[in-house]
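[1] make a model of this:
(2 chains)
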2 protein chains.
Amino acid sequence: MKQSELFTKTRKEAPKDEVSKNAQLLIKAGFIDKEMAGVYSFLPLGLRVLRKIEGIIRKHMDEAGGKEILMTVLQDKGAWQSTGRWSDEVVDNWFKTKLKNGSELGLGFTHEEPITKIMKNFVFSYKDLPFYAYQIQTKFRNEQRAKSGLMRCREFLMKDLYSFSKDKEEHEKFYEKMKDVYMNIFSELGMGKKTYLTISSGGSFSKYSYEFQTISDAGEDEIYIIDDQKKIAINKDDFSEEILSDFGLDLDKNSLKKAKSIEVGDIYSLGHKFSEAIGLKYKTQDGKEEFVYMGSYGMSPTRLMGAVVELNSDENGIIWPENIAPFSVHLVMLPSKDGKVKETADKIYDDLKNKGVDVFYDDRENASFGEKLKDADLIGIPTRILITQKTLEQNSVEIKKRNESKVDMIKLTDLLSVF
Amino acid sequence: MKQSELFTKTRKEAPKDEVSKNAQLLIKAGFIDKEMAGVYSFLPLGLRVLRKIEGIIRKHMDEAGGKEILMTVLQDKGAWQSTGRWSDEVVDNWFKTKLKNGSELGLGFTHEEPITKIMKNFVFSYKDLPFYAYQIQTKFRNEQRAKSGLMRCREFLMKDLYSFSKDKEEHEKFYEKMKDVYMNIFSELGMGKKTYLTISSGGSFSKYSYEFQTISDAGEDEIYIIDDQKKIAINKDDFSEEILSDFGLDLDKNSLKKAKSIEVGDIYSLGHKFSEAIGLKYKTQDGKEEFVYMGSYGMSPTRLMGAVVELNSDENGIIWPENIAPFSVHLVMLPSKDGKVKETADKIYDDLKNKGVDVFYDDRENASFGEKLKDADLIGIPTRILITQKTLEQNSVEIKKRNESKVDMIKLTDLLSVF
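    Presented below is the predicted three-dimensional model:
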């Protein structure tokens, strides 16, 4: 894509009420725009990153046997009343609205209830189980405060997978597998080394569940690291003698390393909670009726985008990991009076595109050298190719990685072979 | 995909309150599920079709120079008050909700206001214009009645593109181009011959605008066909002596063919309506300040999915056009006692997949021959390959197109060369 054709520009300032680093950088670099606190639009560069994160998640969900669906934002209250989660006193972050006839509707903050209801149309026999359905869909949570940028939004994208199994044993096989699947996703996003499988209390469904926590000073959570090699931790809020003894851990709280962290995923064993309330049953091989044993597995692509920025930046801007960068290469040209630099840069752009390289081309004629370099650092594409009158005189371009300070001169004739 | 791994099943009945053909067929075939009137979840087969429709639209929008973005559902009232569209008395299909602090929010039914506000950060000079931004995003309309299935939803996907031009002349060049782009999309969806560029009154923004209307008895609109060759019509609601004379048409209303139709798209010249209300200005080459001249271009992928089903079905089910079918080939096998049929079918499935063919494989062991054929017709994949004991005895399979009655026997050795 040519930068001259992109309508966004870098901005000197983010909105004054924007305190999080991720939102400040993403707004200044033109990736997102703030509609209101906790509600952001994704502009072309931001949407490219988001789609790449979604792509990585989707690949892993499909490989794990997940089938993709898309459920609705608008929620009829019936199923939520069955599980006791309709009341604002039980769930304090509902957004609610009304039909013309006065019927109250909710905006989905999660989808256990509707998916359990849907599956009543399709699950009858033990032969129909197990299976796994997931979606990447917009969720709404009426947060009291939303000041962590993309990390705590009122409107955000969530990947939520739901598992449907015959019994606890079958469920646990998949639940264990998902622990690895999740860690593989975080590794692919370049945050594997900082992410811990974290024991937490299970909410109302089971005694314990697991979160995935990534160490960062921008995090709203705190964890105690139990095993740095195996990447296991306990959420500080849930730390207790009981939990230690349940997990057979003989540890002194004071000897454990504590760290601030971002919750980047969570996986729950739901047991029969939803299937019993909503009536999702199947016939066993012996002809008995049993409730389906469920699990849910959440992960937010938008929050992950915020977390990646928190983890990957310097004083000049964002430093995107290669596989989710909006483009692989930022080709920056400073035009010469005789037009030769632009002419050469145009050709490099075409050649790289033809080779299948994802190039963002700063072809702007009226931006200064300083502006161009500053913009490139702020936007944070992994590899920058610079071509100016001076480099052209040596039949060369300058190549620099965003995360290194070293600059290499490469001959024009050798450039294509680098990619 | 193997049918045995897909959790959806065909259903004998759609919900009793579902009167539209598109929703009845799509629910019975397991493509969608009804959350409430006008609100549908997309199940795996349905989501595949939807993504293909989106892909066709996206390709055409990108080729026309559109840059994709993703705006928000939740809407702050500020910009909407500036244009006078916040009040429920002016816009009667708002869904509204509230933040914890009591501030009212709307759920976007369209996005002229927020996109105009966003662009104030990026448009300063004539050099920044023209440009085009679009999204494929979920919209909400609080419809009094919703009984046309996917064709009139309370929650639905919309592709909305917005154009930003210096003046009327620049705008009109793009507006004219979009007429062709839209017709090309409808042709690609197999509905080109039934779709008319339809003159209608322009709403509050301009004297006239254009809709795209596709002839169908399921439509909620009516058009008069003016030119069947050039595919031009007038919306019956807007038909008047004045409109005829404005377009230089000398026609007798009674001589024109009238037809029921589905509105499948609309394109509006917005002029300065939004830029003036919200203050989106630019500096001309002469240093004067001017308001940006805007246009908006709508088209709903979910409504199109409904329209395609209305246009392409028979008494046995859906007949998907090749390029938006959930799969290209439905491989149906009826197992034999010796396991040979399944063994051969498994191999065909692998071979076709390896060749890049999108295959849905009915590998179910416990469904009857009748059920399998009935399901295949209902689901409506364009090509069916049938393998049974009988065909295998002739070293052959049966091939049948969903939209033809003719059945061809093809030798196993020749099968791959057909695809």
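
[2] element containing A:Thr116?
    Using DSSP states H and E, A:Thr116 maps to helix A:112-119.

[3] list of residues touching that helix?
    Residues from elsewhere that reach helix A:112-119 (Cβ atoms under 8 Å, 6 or more residues apart in numbering or on different chains): A:71-72, A:75, A:78-80, A:82-83, A:85, A:108, A:133, A:162, A:164, A:270, A:274-275, A:277-278, A:280, A:292, A:294, A:296, B:7, B:33, B:35, B:41, B:43. Yep, even glycine has a C-beta here, placed from its N, CA and C like the rest.

[4] now restrict those residues to buried residues only.
    Among the contacts of helix A:112-119, the ones that count as buried by 16 or more other Cβ atoms under 10 Å in any protein chain shown are A:71-72, A:75, A:79-80, A:82-83, A:85, A:108, A:133, A:162, A:164, A:270, A:274-275, A:277-278, A:280, A:292, A:294, A:296, B:7, B:33, B:35, B:41, B:43.

[5] picking that back up, so which of the contacts of helix A:112-119 sit within helices?
    Among those, the ones falling in helices (DSSP state H) are A:78-80, A:82, A:274-275, A:277-278.

[6] show the contacting residues for the closest residue to chain B within the stretch 251-400 of chain A.
    Here the residue of the stretch 251-400 of chain A nearest chain B is A:Asn366; by Cβ to the nearest Cβ that distance is 7.3 Å. Contact analysis of A:Asn366 by Cβ under 8 Å, 6+ apart lists B:Lys127.

[7] that one and A:Pro335, how far apart?
    9 Å (Cβ to Cβ, to the nearest Å).

[8] residues near A:Val90, how many?
    12 (other Cβ atoms under 10 Å in any protein chain shown).

[9] same deal with A:Cys153?
    A:Cys153 has 26 nearby residues by other Cβ under 10 Å.

[10] what about it, is that helix, strand or coil?
    Classification of A:Cys153 by DSSP: H, G, I helix; E, B strand; the rest coil places it in coil.

[11] can I assume the residue of the stretch 251-400 of chain A closest to chain B sits in a helix?
    No. Judged by three-state DSSP, A:Asn366 forms no part of a helix; its state is coil.

[12] phi, psi of it?
    For A:Asn366, the backbone dihedrals (degrees, to the nearest 10) come out as phi -110, psi 20.

[13] tell me which residues of stretch A:231-238 come out buried.
    Residues A:231-236, A:238 are the ones in stretch A:231-238 that count as buried (16+ other Cβ under 10 Å).

[14] so which of those also contact chain B?
    By Cβ under 8 Å from any Cβ of the partner chain, no member of the buried residues of stretch A:231-238 lies near chain B.

[15] just give me the closest of those to B:Val359.
    When the buried residues of stretch A:231-238 are compared for distance to B:Val359 (Cβ to Cβ), A:Lys231 wins out at 39.7 Å.

[16] can you list phi and psi of the closest residue to A:Val407 other than its chain neighbours for me?
    Nearest residue to A:Val407, sequence neighbours excluded (Cβ to Cβ, 6 or more residues apart in numbering or on different chains): A:Lys400, at 4.8 Å. Main-chain torsions, A:Lys400, degrees, to the nearest 10: phi -140, psi 140.

[17] could you do A:Gly380 as well?
    Backbone dihedrals for A:Gly380, given as degrees, to the nearest 10, come out at phi 80, psi 30.
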